[in-house]
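Q: Sequence and computational prediction follow.
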Amino acid sequence: MDFRRVLRYVPFLTIHAIACGVILVGFSWTGFVVAVALFFGRMFVITAFYHRYFSHRTFRTHRVTQFLFAFAGTTCAQRGPVWWAAHHREHHRHSDGPPDIHSPHQHGLLHSHSGWFLTERGLGTDWSVVPDWAKYPELRWLERLHVIGPLVLAALMYGMGEVLLRIDPTLNTSGVSMLVWGFGVSTVALYHGTFTINSLAHTLGNRRFATSDDSRNSLLLSLLTLGEGWHNNHHYYPGTARQGFYWWEIDITFYVLKAMSWIGLVWDLRPVPKRVYAAAAATRVRMGESALPTRPWPGLTRPTAKEASGIRSDGGGA
């Protein structure tokens, strides 16, 4: 037996086992509310920072903010932001082709959903595709010690439950109960919510753009993942901070990023180029439908040539 291979599964399965503890601790409204809050709060960190910032560099932020959200992302137990960005950039290079490690069309739905995450190749980080982040010593440190994030969150949940038990026993929670709900249930839900973009967003939904892969748009997945379900939009033009290209395509992550830009936490959110809307309108005309609005969002501006070229080559911090 290859024990090293077995060890890959231990953290993933342990978190699922903790979530199964609901059978023992029972239902708790307090735990449920905390689990929902942690699910959506950490989903935002994954979608806004792990994906749109670290993977695609679609906006800028301060170096301190960069690190704080990177650390917050590690509490999701989806490893470090550099690992995440490296694999995602490779996904875009080979989307739904043989080298794509989590293509449902190449490896099957289950492997694309979560199996790839536990493979030897899935565990590694190809630093050659993330040279922009390798220069930050704090991010390299976080990559080595990404397990600290989940451990800190688990400890906080246990401590929170014990404090609440002593303050108000009628809240029906405890250290173990909050560990199960606040850490286990929310993290497992976050795992599989995030993983639907690898699997279901390449099999279910509609296609606005004729991309070389099978990426699709789905309102349901967008609501679950705070905007990531507009996956066909994203694969057609990944260099924008928004994935819902039209006002009716709900993209909560973008709305929060926009609000953060108003107070200076982030800035330089890259817009959708007019040529992308023109391509979408042309597609609908070919299908015999009316053209899409020429100004689908107030204040739409054309990105510079540097912005439209893809991932930024300059620094991510201020």
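A: Arrived safely, thanks for sending. Residues are numbered from 1 along each chain as shown.

Q: so where's the stretch 201-318 of the chain shaky on pLDDT?
A: Along the stretch 201-318 of the chain, segments meeting pLDDT under 70 span 284-318.

Q: In it, what residue spans correspond to strands?
A: Secondary structure of the stretch 201-318 of the chain, counting by DSSP state E, counting those that start in this stretch: strands at 266-267.

Q: Over to the stretch 1-150 of the chain?
A: Under DSSP E, counting those that start in this stretch, the stretch 1-150 of the chain gives strands at 60-61.

Q: Now residue 152. Nearest residue, chain neighbours left out?
A: residue 75 (6.8 Å; Cβ to Cβ, 6 or more residues apart in numbering). (Each C-beta comes from the backbone N, C-alpha and C, glycine too.)

Q: same check, this time on residue 94
A: The shortest distance from residue 94 to any non-neighbouring residue, by Cβ to Cβ, 6+ apart, is to residue 100 (4.5 Å).

Q: what's the burial count for that neighbour?
A: Neighbour count for residue 100, taken as other Cβ atoms under 10 Å: 22.

Q: Tell me the spacing between it and residue 128.
A: Residue 100 is 18 Å from residue 128, where distance means Cβ to Cβ, to the nearest Å.

Q: who does the longest helix that the chain contains touch, helix- and strand-wise?
A: Secondary structure of the chain read by DSSP state H shows that its longest helix is helix 148-167. The contact analysis (3 or more Cβ pairs under 8 Å, 6 or more residues apart in numbering; DSSP states H and E) places helix 148-167 against helix 29-44, helix 63-74, helix 175-178.

Q: can you list the residues that contact the longest one?
A: Applying Cβ atoms under 8 Å, 6 or more residues apart in numbering, the external contacts of helix 29-44 come out as 25, 72-73, 75-76, 153, 157, 160-161, 164, 171-173, 177-178, 180-183, 185-187, 189-190, 193-194, 225-226, 252-253, 256.

Q: switch the cut-off to 6 Å
A: Identification of contacts with helix 29-44 by Cβ atoms under 6 Å, 6 or more residues apart in numbering yields 76, 171, 173, 177-178, 181-182, 185-186, 189-190, 226, 253.

Q: possible to save these as JSON lines with distance to residue 267 and neighbour count?
A: As requested, the contacts of helix 29-44 are arranged in JSON lines below (distance: Cβ to Cβ, whole Å; neighbours: other Cβ atoms under 10 Å):
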{"residue": "76", "distance to residue 267": "25", "neighbour count": "25"}
{"residue": "171", "distance to residue 267": "40", "neighbour count": "16"}
{"residue": "173", "distance to residue 267": "40", "neighbour count": "26"}
{"residue": "177", "distance to residue 267": "41", "neighbour count": "26"}
{"residue": "178", "distance to residue 267": "37", "neighbour count": "29"}
{"residue": "181", "distance to residue 267": "36", "neighbour count": "29"}
{"residue": "182", "distance to residue 267": "33", "neighbour count": "27"}
{"residue": "185", "distance to residue 267": "35", "neighbour count": "24"}
{"residue": "186", "distance to residue 267": "30", "neighbour count": "28"}
{"residue": "189", "distance to residue 267": "32", "neighbour count": "19"}
{"residue": "190", "distance to residue 267": "28", "neighbour count": "25"}
{"residue": "226", "distance to residue 267": "20", "neighbour count": "22"}
{"residue": "253", "distance to residue 267": "16", "neighbour count": "25"}
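
Q: Rebuild those residues as TSV, extending it with distance to residue 201.
A: Below are the contacts of helix 29-44 laid out as TSV (distance: Cβ to Cβ, whole Å):
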residue	distance to residue 201
76	18
171	37
173	35
177	34
178	32
181	28
182	27
185	23
186	21
189	17
190	16
226	14
253	15
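
Q: What about those residues, which are in helices?
A: 177, 178, 186, 189, 190, 253.

Q: From those, pick the one nearest residue 106.
A: For those, the minimum distance to residue 106 (Cβ to Cβ) is 25.0 Å, reached by residue 190.

Q: pLDDT on stretch 105-124, on average?
A: Across stretch 105-124, the average pLDDT comes to 86.

Q: what's that stretch in contact with?
A: Against stretch 105-124 from outside (Cβ under 6 Å, 6+ apart): 8, 9, 96, 98, 100, 101, 102, 103, 104, 195, 198, 199.

Q: could you redo the residues you listed as TSV and give each row distance to residue 33?
A: Converted to TSV, the contacts of stretch 105-124 look like this (distance: Cβ to Cβ, whole Å):
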residue	distance to residue 33
8	33
9	31
96	38
98	44
100	38
101	36
102	32
103	37
104	34
195	24
198	28
199	28
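
Q: Emit the ChimeraX select command for whichever of the residues you listed are buried.
A: The following ChimeraX line selects those of these that are buried, judged by 16 or more other Cβ atoms under 10 Å:
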select :8,96,100,101,102,103,104,195,198,199
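
Q: Show me what stretch 230-241 is in contact with.
A: Identification of contacts with stretch 230-241 by Cβ under 6 Å, 6+ apart yields 52, 56, 58-59, 201, 207-209, 211, 213, 215-217, 222, 243-245, 249, 257, 269-270, 272, 276, 310.
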